[in-house]
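Novice: Here is the input, now give the coordinates:
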Amino acid sequence: MMNSNSGAGPSNGGSGDGDTPRRTSRKPKYSKFTQQELPACKPILTPKWVISVFVLVGAIFVPVGVASLLASHKVVEIVDRYDDACVPSNVTDKLAYIQNATTPKTCQRTLTVTKDMKQPIFVYYQLNNFYQNHRRYVKSRNDAQLSDASKANETTLCDPEKTTKDGLPIVPCGLIAWSLFNDTYSFKHNSKNLDVDKNDISWKSDREHKFGSDVFPKNFQKGPLIGGKSLNESKPLSEQEDLIVWMRTAALPTFRKLYGRIYVDLKENDTITVTLENNYNTYSFGGKKKLVLSTSTWLGGKNDFLGLAYLTVGGLCFFLAFAFTLLYLIKPRKLGDNNYLSWNKHPAGHAGH
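Specialist: Presented below is the predicted three-dimensional model:
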């Protein structure tokens, strides 16, 4: 009986009298991976290296900045603000004037070419103080409806422009489409009409993937409140490029959108007569409207910011390189022995591993 009781001892998990030794330390097993001692590139930033890097960055950025500025200055732009000029002088209430559908809105403007302009000449309209990035405005659309004819009745998120007074779905629905820009421009040069090519003014990816070739406008601008431009109900949305350009909302309150291209060379001091329809209401929110004619370069349109940014960073790098060089020459600091760095030491006490 006594022998049977003594033989039950090893079954007790807490006795610690088994043959397998217990770990008494929480210290993990040593390995180069866990101790971050694997071979790696660990450069030491000596003064010569730092100065060389700053000089190299400056030597790259400054020429790029100069080239960008020169390209930007080669762009020829004609900018004409017409929202105030196209309102008759005897009109005191501009808002009532623009909202009166029976009042003629035709206006003529004369533009003078300041420098030779090589084709293609890009025609833009520019709006100021128009917040297309407003959260409610940006969300007021239904992408499924725009791309798929079977989902034409889906008007989720399109409030307040989702249905007509009779409850019929609007295609395309939403505030963005409803507020489509509706000013028009026609041009004459030397008594000859200048054709404005409005093909391929939108992104190809938008035409092919976001706006369906089988989706047609329906009940558009027939809601409780009329907004901007009307759409041709016989053309699919993928071919209505003015709408596609407008639906790609701008991030800033001042923006330009492409209206078309003119494939005619213009000479310095040439005169262009513009006949426009001043239909779009910017007077209710203090906005501005401008017509822009512009050429382009390898960098795109006129934009000095990129060149100035490169020049600023490059100049700052040259300044820091010069400052560090003076500091290194006037008050040098002796570099320590690299052998004392932690990754150059062999860990002690791990010979057995």
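Novice: Quick one: the helices in the stretch 251-353 of the chain, in order.
Specialist: Ranges of helices within the stretch 251-353 of the chain are 304-330, based on DSSP state H, counting those that start in this stretch.
Novice: nope, the stretch 1-150 of the chain is what I was after
Specialist: With DSSP H, counting those that start in this stretch, the ranges of helices along the stretch 1-150 of the chain come out as 2-7, 47-74, 94-99, 135-139, 143-147.
Novice: Could you point out which of these sits nearest Val123?
Specialist: Closest to Val123 of the helices of the stretch 1-150 of the chain, according to CB to CB: helix 47-74, at 18.9 Å. Where you see a C-beta, it was placed from the backbone N, CA and C, and this is true even at glycine.
Novice: and the residue nearest to Tyr259 when sequence neighbours are not counted, how many neighbours?
Specialist: Spatial nearest neighbour of Tyr259, excluding adjacent residues (CB to CB, 6 or more residues apart in numbering): Val123 at 4.4 Å. Applying other CB atoms under 10 Å, we find 22 residues neighbouring Val123.
Novice: my guess is Val123 meets Tyr263, correct?
Specialist: No - using CB atoms under 8 Å, Val123 is not in contact with Tyr263, being 11.3 Å away.
Novice: and the residue nearest to Tyr259, what does it touch?
Specialist: 185, 196, 258-262, 291-293 (CB atoms under 8 Å, 6 or more residues apart in numbering).
Novice: Most neighbours of all those residues, which one?
Specialist: Counting neighbours by other CB under 10 Å, Leu293 comes out on top of those with 23 neighbours.
Novice: quick one: it from Ser230, how far?
Specialist: Going from Leu293 to Ser230 by CB to CB, to the nearest Å gives 26 Å.
Novice: Repeat that for Gln119.
Specialist: Gln119 is 31 Å from Ser230, where distance means CB to CB.
Novice: Over to Cys173?
Specialist: Cys173 sits at a distance of 15 Å from Ser230 (criterion: CB to CB).
Novice: of these two, who's got more company?
Specialist: Neighbour count, other CB under 10 Å: between Cys173 and Ser230, Cys173 has more, with 30 against 13.
Novice: which residues sit in contact with the more buried one?
Specialist: Going by CB under 8 Å, 6+ apart, Cys173 touches 141-142, 145, 155, 158, 161-163.
Novice: That one - that's part of a strand, no?
Specialist: No - secondary structure of Cys173, determined by DSSP: H, G, I helix; E, B strand; the rest coil: coil, with no strand assignment.
Novice: Spatially nearest residue to it, not counting backbone neighbours?
Specialist: Closest to Cys173 by CB to CB, 6+ apart is Cys158, at 3.6 Å.
Novice: can you give me the strands for the stretch 51-200 of the chain?
Specialist: Secondary structure of the stretch 51-200 of the chain, counting by DSSP state E, counting those that start in this stretch: strands at 77-81, 106-112, 121-128, 184-189, 192-194.
Novice: what's the closest of the ones you listed to Phe322?
Specialist: Proximity to Phe322 (CB to CB) singles out strand 77-81 among those, at 37.5 Å.
Novice: From Asp143, how far out is Asn281?
Specialist: With distances taken as CB to CB, Asn281 is found 27 Å from Asp143.
Novice: more crowded one of the two?
Specialist: Remark: of Asn281 and Asp143, Asn281 carries more neighbours, 19 against 15, as counted by other CB under 10 Å.
Novice: Output the below-cut-off pLDDT ranges for the stretch 251-353 of the chain.
Specialist: 336-353 (pLDDT under 70).
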